[in-house]
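Asker: pasting a predicted model and its sequence here:
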Amino acid sequence: MGMLDYQPLVLVDTTDLPRDEWLAYRRKGIGGSDAAAVLGISPFMTARDLYYDKLGISAQSDEENWVAKEIGHLLEPLVAMIFEKRTGLKVYQRKVMFQHPQYPWMLADLDYLVEMPDGSRAILECKTTTSNSADNWWYAGKEIVPVYYESQGRHYMAVTNIDRVYFCCLLTDNREAIIRCMDRDMAYEEELIVLEESFWKENVLAQAPPPYTESGELIMRSLQRMLGPAATDVPPVVITPPQFSRVKQFLQLQEKKALYDAESKKVENEMKRLKAMIVADMGKSCTALYEDAEGSYTITYKPVYKQGISKEALEKLKVLYPQIYGEYVSTSESRRFHVKKLSANAA
């Protein structure tokens, strides 16, 4: 029984809904997977990316990460089966898009529902990742739900008035499964609703883009998606004094980093010298051993082999076999950012 007395509305049956129509319905509100971007904690997209998506000016490319998305979608039934076998609980689907009765912009498209032994229901979210990302499910040795998934689960609980969410995450490279359980937190939920409502009304409906607040790497990826390839024929932009404050701060940090880099270079050079002396002590052996009262040590200096093509060989290929070169060598674009003070203005 929910803490509150309401039932979710059904916005649309998604059983045979074409993808473009499903996307159009998603743009009528905020879904669970959107919550992390609204809160500024998504590792995948900024709040501004989400804003453009809701207005139909999508910054997300269907080509981007499409393999990972397809793997996740195709493996959902398998992840649900693993959950059933591991827990003994039964799961089922309701292929509808739910809508909060009080906050119509809150939508929920659930992977599965879970039949609990006491007759109540829970939600099951199916995830896939690799063992490289498994650490996100632990913190200081304790089991957790990654914050960006937590916001999704709490959004779903708010929409459906269900008090528990299970997460089952399959590590596709080693076939291990991580299962987590999360119960309702009304304080978190109330804050989430306030922030989502603000985003929906003050940004999406008002057509006012939210500011960038996320990490520099995430913002740059967002800008690259929105701006596309470099437009080298566009004239220079004259920025304003408030905008220039960022440039000044960047230059100050650049100077600070140069000092750190110089100190780091000294340390690195000393480490290289010591490494060379150790290798000299090892002679032709790839391994050295040492043991004292503090513990045992193993030092290795083993060969690593990899295949590649040198710059010189690439130039020969271009001259001798231009057709093969043209077919297999592609050009990618990257852009260098640089700030330089030209001269001091006369007083």
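Answerer: Structure's in. What do you need?

Asker: ok, residues contacting stretch 51-60?
Answerer: 27, 30, 45, 48-49, 199, 203-204, 207, 209-210, 222, 225-226 (CB atoms under 8 Å, 6 or more residues apart in numbering). (Each C-beta comes from the backbone N, C-alpha and C, glycine too.)

Asker: off-centre distance for it?
Answerer: 17 Å (CA atoms, centre = their mean, to the nearest Å).

Asker: stretch 31-38 now?
Answerer: The answer for stretch 31-38 is 12 Å, by CA atoms, centre = their mean.

Asker: follow-up on the earlier one: will you turn the contacts of stretch 51-60 into JSON lines that also has neighbour count and distance to residue 162?
Answerer: Conversion of these to JSON lines gives the following (neighbours: other CB atoms under 10 Å; distance: CB to CB, whole Å):
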{"residue": "27", "neighbour count": "15", "distance to residue 162": "25"}
{"residue": "30", "neighbour count": "28", "distance to residue 162": "18"}
{"residue": "45", "neighbour count": "21", "distance to residue 162": "26"}
{"residue": "48", "neighbour count": "21", "distance to residue 162": "31"}
{"residue": "49", "neighbour count": "23", "distance to residue 162": "29"}
{"residue": "199", "neighbour count": "23", "distance to residue 162": "23"}
{"residue": "203", "neighbour count": "20", "distance to residue 162": "28"}
{"residue": "204", "neighbour count": "21", "distance to residue 162": "26"}
{"residue": "207", "neighbour count": "8", "distance to residue 162": "33"}
{"residue": "209", "neighbour count": "13", "distance to residue 162": "33"}
{"residue": "210", "neighbour count": "19", "distance to residue 162": "29"}
{"residue": "222", "neighbour count": "20", "distance to residue 162": "33"}
{"residue": "225", "neighbour count": "17", "distance to residue 162": "35"}
{"residue": "226", "neighbour count": "13", "distance to residue 162": "36"}
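
Asker: which one among those gets closest to residue 332?
Answerer: residue 225 (15.4 Å; CB to CB).

Asker: and residue 32, how many neighbours?
Answerer: Other residues near residue 32 come to 26 when the count uses other CB atoms under 10 Å.
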